[in-house]
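**Student:** The sequence isn't on hand, but the structure is:
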C-alpha cells in the first residue's frame with residue numbers, strides 16, 4: 001500500500017493534504033482516459049495559474065463499514081470532476097478511471113468521497129479554477145459529520161468584526177459627504193462619497209463573502225473586487241483634483257492626475273472586456289497588475305510632489321497617502337507569502353492581511369478629515385476677510401457718496417451765498433446809500449420813513465451777511481465761529497455805552513463745525529447780546545470762550561439780572577435760544593450773579 005494513502009476511517013475532523021497528494025497542471029483540457037497517464041509531481045504548489053488542475057489522491061478504508069468524507073481543493077474553484085481507479089487495476093497497468101456523477105457528490109465546493117469496507121482506491125480530481133491570476137491550492141479532507149461546523153468556521157474570523165466597523169465608518173463618511181455636496185454643491189464631496197462607497201463595499205464583501213463558495217463570490221473575487229478598487233481610485237483622483245484645485249493651483253499635478261485618471265478608466269474597460277469575453281487568465285491579470293503599479297506610482301509621485309510644497313493642506317493628504325501605502329504593502333506581502341507575522345495561528349486577528357489594509361484606509365480617512373477641517377478653517381478665514389473687505393469697500397463707497405453729497409451741498413451753499421452777496425447784497429447796499437443821500441439832501445427836514453428805510457437796510461444787510469457767513473463751507477470751523485462772534489460783539493456794542501470784552505483762547509484746535517451748528521450758535525449769541533443791550537441796563541459785558549472737549553461760551557453782564565417781570569419781557573428770546581442750542585445737542589443755562597451769566601455748551 002502506498003505510504004501516502006490516507007485511511008478514511010481515521011479522520012476525526014479534517015486533515016490537510018498538501019504533502020500527501022500529487023499535482024499536475026497541463027496547459028489544456030485532456031480526455032478522461034489520459035488523466036492517469038499525466039505526470040503527477042510533488043510537492044503541491046501553494047499557488048497556481050493553470051486553467052485546469054489535476055490532483056491524485058490515494059485513499060483506503062480499514063474499517064468494516066462504508067466510510068465517507070468530503071474533499072475540498074481550496075477556495076475559488078468553479079467545478080470539480082472525480083475519477084476513481086482501484087489500486088489493483090493501477091498495479092496491473094490498467095489505467096481506466098471511472099467518472100463519478102457530479103450531481104451525486106458535489107455540494108457547494110465540496111465533493112463526497114466514499115469507500116467500501118477494506119477498499120483501496122486512487123482518486124483523480126479535475127478541478128477548474130476561477131479566472132484569476134493566482135489561486136491558492138489548499139486541499140483537505142473533512143469528516144462527513146464535521147462538515148457543517150467546518151463551513152461555519154471558514155467564514156468565522158475576528159477580522160470580520162473590524163471590517164464591519166470600518167465599513168460603518170465609511171458609510172457615515174458617505175452620508176456626510178453627500179450631505180455637504182447637496183448643501184454646498186461642492187463636487188469634491190460627491191467624488192469622495194463615491195470613492196468611500198466603492199472601498200467600503202470592497203472590504204465589506206471581502207469579509208462577508210470570504211470562503212463563501214457561491215457564484216456571486218466567484219465573480220467578486222474574479223473581477224468585481226478589482227473593478228471596485230480601480231473605479232474607487234478613479235473618483236479618488238477626481239476628488240484630489242477638485243479638492244486641491246489642481247487646475248488653478250498645481251498645473252503639473254493636474255496634468256499627471258488627469259492623464260492617470262483616463263488611463264485607469266481605459267485599463268478598467270479593457271480588463272472587463274478580456275475577463276468576460278475571453279478565456280485568457282493572463283491578460284486580465286497583467287492589466288490588473290499594470291493598473292495597480294500605475295496607481296502606486298501615482299501615489300509615490302503625489303507624495304514626492306506634496307513633500308516639496310510648503311502647503312499644509314497637501315501635507316495632510318500626503319500623510320494619509322503615506323500611511324495607506326505602508327499598510328497596503330504590509331497587507332500585500334502577507335497575501336503573497338501567506339506567512340503569519342505574530343504567531344502560528346493563521347486565524348489570529350493580527351495575521352489577517354485585510355486588517356492592515358483597513359488600518360491604512362482609516363488613517364487615510366483621518367488625515368482627510370484633518371485636511372477638511374483645515375480647509376474649512378481657511379475658507380472661513382478667507383470668507384471673513386472677503387466679507388470685511390466688501391464691508392470696507394461698501395463703507396468707502398458710502399463715505400465717498402457722503403463726501404460727494406457734502407461737496408455738492410457745499411458747492412450749492414457757496415453758489416447761493418455768492419448770488420446773495422452779488423445780487424441781494426448790492427441791492428440792499430444801494431438802498432442804504434440812496435436813503436443816506438436823500439437824508440443828506442434833506443438837511444433841515446426829517447422824514448421818519450427815510451430813517452426806517454435806512455435802519456431796515458442796515459439791519460437787513462447785517463442779517464444777510466450773517467446768513468452768507470453761515471452758508472460758506474470754508475467757514476465750517478471752530479476758529480471761524482469764535483472769530484466771527486468776537487468781531488460781531490465788538491462791532492455790536494461799539495456805538496453804545498456798554499463796554500464789551502471778549503476773552504478767547506490763544507490756540508484754537510482745527511475742529512469742524514458745520515453751517516447749521518454755526519448758525520444756531522451765532523443766532524443764540526446774537527439774541528443774548530441783544531437782550532443785554534435792551535434789558536440788562538449793564539455797563540460792561542464780558543464774553544468768555546473756551547474750547548476743549550466742549551465749546552463753552554459765557555456771556556456775563558453787570559446789569560440788574562433777570563427777575564420774573566423781566567423774564568416775561570424777553571421770555572420768547574430765551575426759549576428760542578434754548579431750542580436752538582438743544583437742536584444741535586447742546587446745553588444752555590442762566591445764572592444770576594451780580595448781573596446775568598448766560599452759558600452755552602456744545603459737545604465737540
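**Tutor:** Thanks, I have it. Quick caveat: nothing in here was measured; it's all calculated off a predicted structure.

**Student:** List the buried residues for stretch 313-320?
**Tutor:** Counting neighbours by 16 or more other CB atoms under 10 Å, one finds that the buried residues in stretch 313-320 are 313-320. Where you see a C-beta, it was placed from the backbone N, CA and C, and this is true even at glycine.

**Student:** With stretch 319-334 instead?
**Tutor:** Buried positions in stretch 319-334, judged by neighbour count with 16+ other CB under 10 Å: 319-325, 327-328, 330-331, 334.

**Student:** For the stretch 301-450 of the chain, just list every one of the helices.
**Tutor:** In the stretch 301-450 of the chain, the segments counted as helices under DSSP state H, counting those that start in this stretch are 312-337, 353-419, 426-441, 448-471.

**Student:** For residue 549, state which of the buried residues of stretch 319-334 is nearest.
**Tutor:** Distance to residue 549, by CB to CB, is smallest for residue 319 among the buried residues of stretch 319-334, at 59.8 Å.

**Student:** Quick check: the gap between the residue nearest to the closest one when sequence neighbours are not counted and residue 324.
**Tutor:** Residue nearest to residue 319 in three dimensions, not counting chain neighbours: residue 367, with 5.0 Å by CB to CB, 6 or more residues apart in numbering. The gap separating residue 367 from residue 324 is 9 Å, by CB to CB, to the nearest Å.

**Student:** Residue 71 belongs to a strand, doesn't it?
**Tutor:** Yes - counting by DSSP: H, G, I helix; E, B strand; the rest coil, residue 71 is found in a strand.

**Student:** close enough to count as contact, it and residue 144?
**Tutor:** No - counting by CB atoms under 8 Å, residue 71 stays clear of residue 144, with 11.0 Å between them.

**Student:** Of the two, which one has the most company?
**Tutor:** Neighbour count, other CB atoms under 10 Å: between residue 71 and residue 144, residue 71 has more, with 23 against 17.

**Student:** so where do the helices sit in the stretch 151-300 of the chain?
**Tutor:** Secondary structure of the stretch 151-300 of the chain (DSSP H, counting those that start in this stretch): helices located at 158-184, 187-208, 215-219, 225-243, 246-249, 251-277, 282-307.

**Student:** outside of the second one, which residues touch it?
**Tutor:** Applying CB atoms under 8 Å, 6 or more residues apart in numbering, the external contacts of helix 187-208 come out as 157, 159-160, 163-164, 166-167, 170-171, 173-174, 177-178, 180-181, 220, 224-225, 228-229, 231-233, 235-236, 238-239, 242-243, 354, 357-358, 361, 365, 368.

**Student:** out of the buried residues of stretch 313-320, who's nearest residue 512?
**Tutor:** Distances from residue 512 to these, taken by CB to CB, are shortest for residue 313, at 50.2 Å.

**Student:** quick one: contacts for that closest one?
**Tutor:** By CB under 8 Å, 6+ apart, the neighbours of residue 313 are 244, 371, 374-375, 378.

**Student:** out of those residues, who's nearest residue 140?
**Tutor:** Once CB to CB is applied, the member of the contacts of residue 313 that ends up nearest residue 140 is residue 371, at 47.7 Å.

**Student:** weakest of the helices of the stretch 151-300 of the chain in terms of mean pLDDT?
**Tutor:** Lowest mean pLDDT within those: helix 215-219, at a mean of 76.

**Student:** got the contact list for it?
**Tutor:** Residues from elsewhere that reach helix 215-219 (CB under 8 Å, 6+ apart): 76, 78, 130, 209.

**Student:** That's all I had, so thanks and see you.
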